[in-house]
Every structure is written in C-alpha cells, then in structure tokens.
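Q: take a look and give me a structure for this.
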Amino acid sequence: MFEPAPRPSTALAVRCGRVLLSPWSRLALLFTMLATAGTLVVLYEPQRLLADGWPAARLSGAAAVVLFAVGYGACTAAFVPRPILNLAAGALFGTQAGLVAAVAGTVLGAGVAFTLGRVLGQDALRPLLRGRVLTTVDRQLSDHGFRSMLAVRLFPGIPFAAANYCAAVSRMGYTPFLLATAVGTIPNTAAYVVAGARAGSPTSPAFLLAMGFIVATGLIAAVVAWRKRRALKAG
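A: Okay, the predicted model is just below:
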C-alpha cells in the first residue's frame, strides 16, 4: 500500500519550519536581538542609573538586591558595560550587598548570553572556525574551559560580552563556564563595587586601593594581550 502524499499546505509548513529553524536563520535572529539590545542601550543610556538613583526606590533589603541582580543580568546581556553597573551596585547597596548583587547579575547575564549563543549561533558559526588563531582559541576554550575562562575573567582584556559568545560557539560546558565566571570576576567586580561605595570619599584608603587595583589589572591585561599577540604571530 502506498502512503498518501502530504497535502501541499502541510509540505509548505514543513519547508517553512525547516527554513526558520535552520542554523543561519537562528544566527540571523541572534544578530537581530543583539542589534536591538545595543540600540536600546544607546537610546536609554543606562549610565543615568548612577545620576538618577535606583528606580525601585520603594524596595529595600534583599528584594532590592535581587531585583538589581536581575536587571544587572539583563543589562550585561544587552552590552551595558559592567563597570557602570558595578559602580552603581556599590553606590546603592554598599560593599557587601553590592558585591553579592553584582556577582549574581554577572553570572546571570553571562548565562543568558551563553545560552543565546549556544542555541542560536553555534551550529552556523562552528563550520567557519578556520585559520590558526580561531582554531587555537576554539581548542583552548573547548579542551581547557574552566582554566581558560578563569584567566579571561581575572584579566579583563577581552570584553565581557565577546567572551560569552566566543565560549558559546566553542564546546565548553555550562558548569565550567559559569563557575569560572563567578570566581574569576570577583576581584575586579569587588574593586569597582568598593569604588562606588566609597565614591563620596575619594581620598579614603579603600577608594584608593580599589582604583589602584583596577588600574593594575588593566595594565596586566594589556601586557598579557600584547604577549599573546606576539606569540601567535611568531608561531
């Protein structure tokens, strides 16, 4: 017995579904989402949070910290610079609660970006990983995920969002990615949170130490990036 041929409408729906779920369609959706997020960041200027104050002024305590962490995560996934958010966390909640909110938001935002990159971009972009530099980076992230991501987070020479999406395209697992993000971002995040909490007394030892740490890690990141670049060229 012959099976009946599918109806034209059913066949068209199947073809449309395949096109919409294809790797390149998902990649196009990812780029659209990222472009929209970047545009919203430019239009709404989230740095005004520092000047205008915390919008949820009626909330306090743990509820305010949780809400800020959720907003922090959404903002980092939309390319809002983390230093701005870290300073805001310190200014709004002080050192201890601000650090908790900032680290939680960092991990949340990294997880959101990693998931978007993994689901919408990995299948389309992995076949394009050619050339010595790209294959070396992919091998390092795939084979030594926690160690590589920990180094990236400790010395923030690579933009936060770029590191998230590069890791998503590699074969790194969720657990090493999120754990390395949580551990590796604590020192730099703490420095910015302390600076935000002590911004009213810029001559205090805590503020000066925090700013010194920020400058030092920036210089170290620049030196490491320069040496890596020379090593890749020499190889």
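Q: ok, residue 37 - contacts?
A: By Cβ atoms under 8 Å, 6 or more residues apart in numbering, the contact list for residue 37 reads 77, 78, 79. In short, each C-beta sits where N, CA and C put it, glycine included.
Q: could you redo the last one with a cut-off of 10 Å?
A: 74, 75, 77, 78, 79, 80, 161 (Cβ atoms under 10 Å, 6 or more residues apart in numbering).
Q: top of those residues by number of neighbours, please.
A: Highest neighbour count within those: residue 80, with 25 neighbours (other Cβ atoms under 10 Å).
Q: that one contacts residue 74, doesn't it?
A: Yes: if you go by Cβ atoms under 10 Å, residue 80 and residue 74 touch, sitting 8.7 Å apart.
Q: what's the overlap in contacts for the two?
A: With contacts defined as Cβ under 10 Å, 6+ apart, the residues shared by residue 80 and residue 74 are 37, 109.
Q: for residue 177, which three-state class applies?
A: helix (DSSP: H, G, I helix; E, B strand; the rest coil).
Q: show me what counts as buried in stretch 27-38.
A: Of all the residues in stretch 27-38, those buried under the rule 16 or more other Cβ atoms under 10 Å are 27, 30, 34, 37.
Q: ok so, going back, can I get the contacts of residue 37 in a markdown table with secondary structure and distance to residue 102?
A: Shown next, in a markdown table, are those (DSSP: H, G, I helix; E, B strand; the rest coil; distance: Cβ to Cβ, whole Å):
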| residue | secondary structure | distance to residue 102 |
| --- | --- | --- |
| 74 | helix | 14 |
| 75 | helix | 11 |
| 77 | helix | 15 |
| 78 | coil | 16 |
| 79 | coil | 17 |
| 80 | coil | 12 |
| 161 | helix | 16 |
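Q: quick check, nearest of those residues to residue 223?
A: Nearest to residue 223 among those: residue 161, at 22.9 Å, using Cβ to Cβ.
Q: now for that closest one: which residues touch it?
A: So residue 161 contacts 34, 37-38, 76-82, 109-110, 113, 117 (Cβ under 10 Å, 6+ apart).
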